[in-house]
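Chemist: here is a sequence with its predicted model. Questions after.
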Amino acid sequence: MFLLTNRFLWSLAAVVLLLSSCDQRRVMEENQDVQDYQWNYSDTKVFTAEIQDTTTQYNIYVNLRHAFQFEWRNLWVNIETTFPNGKVYERRVNLLLSEPDGHWYGDCLGDNCDIQVSIQQNAFFPLTGKYTFKITQDMRVNPLPYIKSVGMRVERVQPEK
């Protein structure tokens, strides 16, 4: 009886895990570690998203993990987007990380604070194919301490019902 119950519980847990891990909206999500938690100007993080539908709207996020000791309320980054036809678009983006009183916007547990910052909502990709995103830090401090990982997420906008 114990073996049957134990097997049933493991099967149920596997099904719940499988269903909860399916993210139908996600097109691409990847995070890359920062060596020694010191993000250097030359440490460009590169991400690629394969876009197959030019009629869908997308949300684009930067994922960031930083230590609780990070000294600033924000993080300036440069984001370079290369389109499938080779055209390049670059912009400087201010990622807000905390309120003026120092309360972090992200989820903090122990020494880690994880935040997903929206950099573009309801975006259209005009061409099908691979889009390459390059993120570099653009603060006045180099290397920038207490940054643990940087990532990107591209997701389809949930259609309204």
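Modeler: In hand now; what should we look at? Please read these numbers as outputs of a predicted model, since none were measured by experiment. Numbering: from 1, shown residues only.
Chemist: tell me where this structure has helices.
Modeler: 2-21 (DSSP state H).
Chemist: could you list the low-pLDDT ranges of it?
Modeler: Along the chain, segments meeting pLDDT under 70 span 1-22, 161.
Chemist: recalculate using a threshold of 90.
Modeler: Judged by pLDDT under 90, the chain has its weakly predicted residues at 1-24, 102, 110, 158-161.
Chemist: which residues does the longest strand belonging to it contact?
Modeler: What stands out as the longest strand in the chain, according to DSSP state E, is strand 112-123. Contacts to strand 112-123, defined as Cβ atoms under 8 Å, 6 or more residues apart in numbering, come from residues 57-68, 70, 79, 93, 95-97, 104-108, 148, 153, 157. In short, each C-beta sits where N, CA and C put it, glycine included.
Chemist: among these, which lie within strands?
Modeler: Counted as lying in strands by DSSP E, out of the contacts of strand 112-123, are 58-67, 79, 93, 95-96, 107-108, 148, 153.
Chemist: just the angle between the longest strand of the chain and strand 58-67, please?
Modeler: Angle, strand 112-123 to strand 58-67, by axes from the mean of the first three to the mean of the last three Cα atoms, to 10 degrees: 170 degrees.
Chemist: can I get strand 112-123 in CSV, CA atoms only?
Modeler: C-alpha atoms of strand 112-123 as CSV (Å, rounded to 0.1, in the frame of the first residue of the first chain):
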residue,chain,number,x,y,z
ASN,A,112,19.7,38.0,-3.5
CYS,A,113,17.3,40.4,-5.1
ASP,A,114,15.6,39.3,-8.3
ILE,A,115,13.8,41.8,-10.5
GLN,A,116,12.2,41.7,-13.9
VAL,A,117,12.1,45.2,-15.4
SER,A,118,9.8,45.9,-18.4
ILE,A,119,11.7,47.8,-21.1
GLN,A,120,9.0,47.6,-23.8
GLN,A,121,5.3,46.6,-23.7
ASN,A,122,3.2,45.7,-26.7
ALA,A,123,6.1,45.7,-29.1
